[in-house]
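**Student:** below is the sequence, then the predicted model.
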Amino acid sequence: MLNCNSALLAIASEFVGKFAPYQSIEITPSPTGGIYIASTDNGKVACLAHDPSGEGDESIILLPNSDLIKASRGVKTAERSISINGNMAIVTTHRKSTSESKEIPFHRSTSEFPKLAGAIKDCIARWDEVGKSSATAGRYDITYLQRAIKSLSSINSSVTLHSFDGGPMRIQEASENIVILVMPQVALPIPPVPDWLRNYSQKTPSMV
C-alpha cells in the first residue's frame, strides 16, 4: 500500500521515456519518512520528488496511463492524493466540503528501475563544490522562463541555460543567433540541496 500526493506523480509522468526501463515511475518509501517519486528518460532528464506526508510499505515501478495521469494532475481549487493497492489506484480529490474518488487500474513494470541514486550522489558532490565558490543564486519568474523556452523551440529543439551569482539567466538557442536574458526577481543565497535528495542518493536500487 502506498499513499502520496497525486500531483507529484502526474509531474513525474512528463519525464518518462518511450521504452523500457524508462517508461516507468518509481514510487518508494523513504527510510526517513515520506515517499520518493522518480522518473527518467534514458539519462536525458530526471524528475525526483519527495512527499513528506506520504506513507507506504512497498516499492512499486508503475507504468503510467492516460486515465491515471489525467485524474492525478494537481488542481488549484483542491488537493489530490493517490492510494495504490495491488494494481489499482484510487485518486481522491479533497475539496473544502466534499471529496470524490476515482478507481483506475494500472500495470507495473517488469523491468528494474534505472539506477538514478548513484548519479544524483555525484551531482550533489558537484553542487556542494560549486556552493563554495558562488554566494548567490537568482530566483526567476517561471512565466518568463516558459515563454523564452517556448519561443526558442520554434527555431531549435535545443537551448543552453546559464546564470551567475544572482545575475540574469541566459537562455541561448544553439545557433547562437538569439539570446534571451531573464532577469532575476531577487538574488538569494544558493538554496541547500534538500535533505531528502541527499537521502535518496544513498538508497539502494529497487528490485522488481
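**Tutor:** Received, thanks.
**Student:** for the lowest-mean-pLDDT helix or strand in the chain, the distance to its chain's centre please.
**Tutor:** For the chain, counting by mean pLDDT, DSSP states H and E, strand 136-139 ranks last in confidence among helices and strands (a mean of 74). Chain-centre distance of strand 136-139: 20 Å, with C-alpha atoms, centre = their mean, to the nearest Å.
**Student:** just checking, what packs against it?
**Tutor:** Applying 3 or more C-beta pairs under 8 Å, 6 or more residues apart in numbering; DSSP states H and E, one finds that strand 136-139 contacts strand 186-189. Backbone N, C-alpha and C define where each C-beta goes, glycine included.
**Student:** the strand it packs on pairs with which strands?
**Tutor:** strand 136-139 (antiparallel) (DSSP bridges).
**Student:** what are the buried residues along the partner strand?
**Tutor:** Of all the residues in strand 136-139, those buried under the rule 16 or more other C-beta atoms under 10 Å are 137-138.
**Student:** pLDDT of the next helix or strand after that strand, averaged?
**Tutor:** Next helix or strand after strand 136-139 toward the C-terminus (DSSP states H and E): helix 142-152. Averaging pLDDT along helix 142-152 yields 89.
**Student:** list the contacts of helix 142-152.
**Tutor:** 159, 169, 171, 173, 178, 180, 182 (C-beta atoms under 8 Å, 6 or more residues apart in numbering).
**Student:** repeat that for 7 Å
**Tutor:** 159, 171, 173, 178, 180, 182 (C-beta atoms under 7 Å, 6 or more residues apart in numbering).
**Student:** ok, stretch 71-83 next?
**Tutor:** 3-7, 9-10, 89-95, 102, 104.
**Student:** identify, from these, the entry nearest to residue 21.
**Tutor:** Proximity of the contacts of stretch 71-83 to residue 21 (C-beta to C-beta) peaks at residue 9, which lies at 17.5 Å.
**Student:** which residues does the closest one contact?
**Tutor:** Residue 9 touches 25, 37, 72, 82, counting by C-beta under 7 Å, 6+ apart.
**Student:** nearest to residue 200 among those?
**Tutor:** residue 37 (10.2 Å).
**Student:** partners of the strand or helix carrying the closest one, with directions?
**Tutor:** Residue 37 is part of strand 35-40 when elements are defined by DSSP H and E. If you go by DSSP bridges, strand 35-40 pairs up with strand 25-29 (antiparallel), strand 46-51 (antiparallel).
**Student:** out of those strands, deepest packed?
**Tutor:** Among the strands paired with strand 35-40, the stretch with the highest mean neighbour count (mean count of other C-beta atoms under 10 Å) is strand 25-29, at a mean of 23.
**Student:** for it, give me every contacting residue.
**Tutor:** With C-beta under 7 Å, 6+ apart, strand 25-29 has contacts from 2, 4, 9, 12-13, 16, 35-39, 56-57, 59-62, 64, 113, 206.
**Student:** pull out the buried members of the contacts of stretch 71-83.
**Tutor:** Judged by 16+ other C-beta under 10 Å, buried ones among the contacts of stretch 71-83: 3-7, 9-10, 89-93, 104.
**Student:** how about these in JSON lines, adding distance to residue 76, secondary structure and pLDDT?
**Tutor:** Compiled in JSON lines, the buried ones among the contacts of stretch 71-83 are given as follows (distance: C-beta to C-beta, whole Å; DSSP: H, G, I helix; E, B strand; the rest coil; pLDDT from 0 to 100):
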{"residue": "3", "distance to residue 76": "22", "secondary structure": "strand", "pLDDT": "96"}
{"residue": "4", "distance to residue 76": "19", "secondary structure": "strand", "pLDDT": "96"}
{"residue": "5", "distance to residue 76": "14", "secondary structure": "strand", "pLDDT": "94"}
{"residue": "6", "distance to residue 76": "14", "secondary structure": "helix", "pLDDT": "95"}
{"residue": "7", "distance to residue 76": "11", "secondary structure": "helix", "pLDDT": "93"}
{"residue": "9", "distance to residue 76": "18", "secondary structure": "helix", "pLDDT": "95"}
{"residue": "10", "distance to residue 76": "14", "secondary structure": "helix", "pLDDT": "94"}
{"residue": "89", "distance to residue 76": "22", "secondary structure": "strand", "pLDDT": "97"}
{"residue": "90", "distance to residue 76": "22", "secondary structure": "strand", "pLDDT": "97"}
{"residue": "91", "distance to residue 76": "17", "secondary structure": "strand", "pLDDT": "97"}
{"residue": "92", "distance to residue 76": "17", "secondary structure": "strand", "pLDDT": "97"}
{"residue": "93", "distance to residue 76": "12", "secondary structure": "strand", "pLDDT": "95"}
{"residue": "104", "distance to residue 76": "22", "secondary structure": "strand", "pLDDT": "97"}
